[in-house]
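Asks: Here is a sequence together with a model predicted from it:
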Amino acid sequence: MPFFYNKFHPSNKQGTPWLPIIIGLSLAAIVSTSAIAYAKSTSKPENPIPTSTAIDRVIVDKSDRILKLMSDGKVIRSYRIALGGSPTGHKQQEGDQRTPVGVYTLDYKNENSIAYRSIHISYPNDEDKARAQSLGVNPGGDIMIHGQMNGFGYLALFNQRRDWTDGCIAVANDEMDGIMDAVILGTTIEIVE
């Protein structure tokens, strides 16, 4: 009997690394499942926003990491966003990696930015400038809604799961296309905590 048992149940004298194999397979399953879920959630919408739908407000919820395109009080489309590396609180000064909180205007579009397409947010307003002046700091500026950094659109799957901007609001490139098409200049953007 020992011969039969050893043939079908050999001892593990070589120390087969089962734990790393199991961990590796588990990580591969998690990453691929996440990639599929993200691809489904960020793929181009089957029905683009009709041109007859006027987007009259953009709402950004920093704590939920969501940007919503609104029309007559209804959410028309929503997008997962990434923010700056220190997103909590209102932007105080240049370089603080915060996204401002308040009501602003989307005042110009940039097709040649360092990121894939962008729309400028009218920060700083007069109140922001006065606050910064009282603190003796530069309020900063160039706050945008934009796509991924040029040449790195394929990384949206990973980038949109973390905060990586300097205070801007980032979306995937195909989402930025939809936002650029739907939002007209002069639209109000409200950014909340």
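Replies: Alright, I've got the coordinates. The model shown is predicted, which means the values in this text are computed figures rather than measured ones.

Asks: for stretch 146-164, how far is the first residue from the last?
Replies: 12 Å (Cα to Cα, to the nearest Å).

Asks: Stretch 124-142 now?
Replies: 9 Å.

Asks: what do you get for stretch 139-159?
Replies: End-to-end distance of stretch 139-159 (Cα to Cα): 26 Å.

Asks: how about Ser134, what does it touch?
Replies: Applying Cβ atoms under 8 Å, 6 or more residues apart in numbering to Ser134 gives no contacts. Glycine gets a C-beta too; all of them are placed from N, C-alpha and C.

Asks: quick one: it is in a helix?
Replies: Yes: assessed by DSSP: H, G, I helix; E, B strand; the rest coil, Ser134 belongs to a helix.

Asks: Would you map the strands across the chain?
Replies: 57-61, 66-71, 74-80, 102-110, 118-121, 144-146, 169-170, 188-192 (DSSP state E).

Asks: what's next to the longest one, contact-wise?
Replies: Looking back up the chat, that one is strand 102-110. Under the contact criterion Cβ under 8 Å, 6+ apart, strand 102-110 has outside partners 58, 90, 117-123, 125, 127-128, 144-145, 180, 183, 185-191.

Asks: again, 6 Å this time
Replies: Under the criterion Cβ atoms under 6 Å, 6 or more residues apart in numbering, residues Ser118, Ile119, His120, Ile121, Ser122, Tyr123, Val183, Thr187, Ile189, Glu190 lie in contact with strand 102-110.

Asks: Quick one: the helices in this structure, in order.
Replies: 2-8, 18-42, 126-135, 156-159, 173-182 (DSSP state H).

Asks: Apart from its neighbours in sequence, what residue is nearest Ile76?
Replies: Leu69 (4.8 Å; Cβ to Cβ, 6 or more residues apart in numbering).

Asks: tell me the pLDDT at that neighbour?
Replies: You'll see Leu69 listed with a pLDDT of 98.

Asks: likewise Met1?
Replies: pLDDT, read off for Met1, is 50.

Asks: How about the contacts made by Ile55?
Replies: Leu69, Ser71, Ala182, Val183.

Asks: now, which of those sits nearest Asn138?
Replies: Val183 (28.0 Å; Cβ to Cβ).

Asks: Can you tell me which of the contacts of Ile55 are buried?
Replies: By neighbour count, with 16 or more other Cβ atoms under 10 Å, the contacts of Ile55 hold Leu69, Ser71, Ala182, Val183 as buried.

Asks: Adding distance to Leu25, write these out as CSV.
Replies: Shown next, in CSV, are those (distance: Cβ to Cβ, whole Å):
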residue, distance to Leu25
Leu69, 40
Ser71, 46
Ala182, 42
Val183, 44
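
Asks: Determine which two of those are furthest apart.
Replies: Spanning the widest gap among these are Ser71 and Val183, at 10.8 Å by Cβ to Cβ.

Asks: coming back round to it: for ChimeraX, write the selection for the buried entries among the contacts of strand 102-110.
Replies: Selecting only the buried entries of those in ChimeraX, with 16+ other Cβ under 10 Å as the criterion:
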select :118,119,120,121,122,123,183,187,189
